[in-house]
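Engineer: The following comprises the amino acid sequence and a computationally predicted model.
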Amino acid sequence: MGAECYYEVSQIAYIKLVLHALKHRSAAVNGLLLGRLRQDGGATATVEIADTVPLSHSQIGLLPALELALIQIEEHFEAQGLSVVGYYHANERHDDVELGNAAKKIGDHIFRYFPRAALDNKKLERMQPSKSRDPVVQLYTRDSSKSWRQTGSDGSNQLTLKEPAANVVLLDYISSEKWQEIVDFDDHLDDISKDWLNPGLFN
């Protein structure tokens with residue numbers, strides 16, 4: 001890949017993935033990250049994560065279901081100039097800080113499409129009302145040995161929030177229990193009247 005890569009997540013994408021994890025606190029959840037790669041010229045590149053699609057809270061690890069979702073999601077977002085740029089995953093227990101085998105397997109699968117990012121949101125339960133600009137998620141990237149490695153452990157900050165006030169807005173959504181409204185692909189397959197695009201979530 002050559003260039004050093006940074007990741008910038010939009011407020012919409014960020015809030016969706018956190019609300020998805022909060023809705024299903026006792027289950028593992030996952031979803032796809034949609035965005036684009038911006039070459040900054042020179043030695044750096046930025047993955048701009050513009051949106052997220054919550055996938056599952058019960059069918060995690062089933063590649064056929066993932067393939068079906070990938071096809072529909074790619075077709076929808078292609079017109080907006082967005083493609084799958086990564087994957088997010090939250091374990092069942094908030095104190096489980098390991099990137100599990102299911103997450104790694106799906107991350108490897110996504111890597112074939114876009115060799116960049118996997119997100120694993122672990123710090124949700126420790127989030128306190130504050131004006132912090134730090135995301136409550138952890139970023140993993142795949143290294144040359146094909147292992148997933150958490151970035152930022154050396155003090156670098158490769159993942160940033162596009163909007164500085166995103167955590168303030170997120171806390172407002174949490175206090176109003178907006179997470180109850182989030183719909184994932186599992187919900188849609190159970191009831192096709194539920195829209196996995198979540199068009200009314202930010203109204």
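Structural biologist: Good, I have the coordinates. Numbers count the residues shown, from 1 in each chain.

Engineer: what about the longest helix in this protein?
Structural biologist: helix 63-78 (DSSP state H).

Engineer: other SSEs contacting that one?
Structural biologist: Where contact means 3 or more C-beta pairs under 8 Å, 6 or more residues apart in numbering; DSSP states H and E, helix 63-78 is packed against strand 29-39, strand 44-56, strand 83-90, helix 101-111. C-beta here means a position set from N, CA and C on the backbone, and glycine is covered the same way.

Engineer: buried stuff in that helix?
Structural biologist: 65-66, 69-70, 73, 77 (16 or more other C-beta atoms under 10 Å).

Engineer: Check the helices and strands packed on helix 63-78 for me and report the most buried one.
Structural biologist: Per residue and on average, the most neighbours among the helices and strands packed on helix 63-78 fall to strand 83-90, with a mean of 24 (mean count of other C-beta atoms under 10 Å).

Engineer: Which of the helices and strands in this protein ranks last by mean pLDDT?
Structural biologist: Least confident helix or strand, the chain: strand 117-120 with a mean of 58, by mean pLDDT, DSSP states H and E.

Engineer: Neighbouring strands of the helix or strand following that one in the sheet, and parallel or not?
Structural biologist: With elements assigned by DSSP states H and E, the helix or strand that comes after strand 117-120 is strand 138-142. Here strand 138-142 has these sheet partners by DSSP bridges: strand 117-120 (antiparallel), strand 148-150 (antiparallel).

Engineer: would you turn the helices and strands packed on helix 63-78 into a markdown table with mean pLDDT and distance to Ile15?
Structural biologist: Output for the helices and strands packed on helix 63-78, formatted as a markdown table (pLDDT from 0 to 100; distance: least, C-beta to C-beta, whole Å):
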| stretch | mean pLDDT | distance to Ile15 |
| --- | --- | --- |
| strand 29-39 | 90 | 12 |
| strand 44-56 | 91 | 9 |
| strand 83-90 | 87 | 12 |
| helix 101-111 | 78 | 21 |
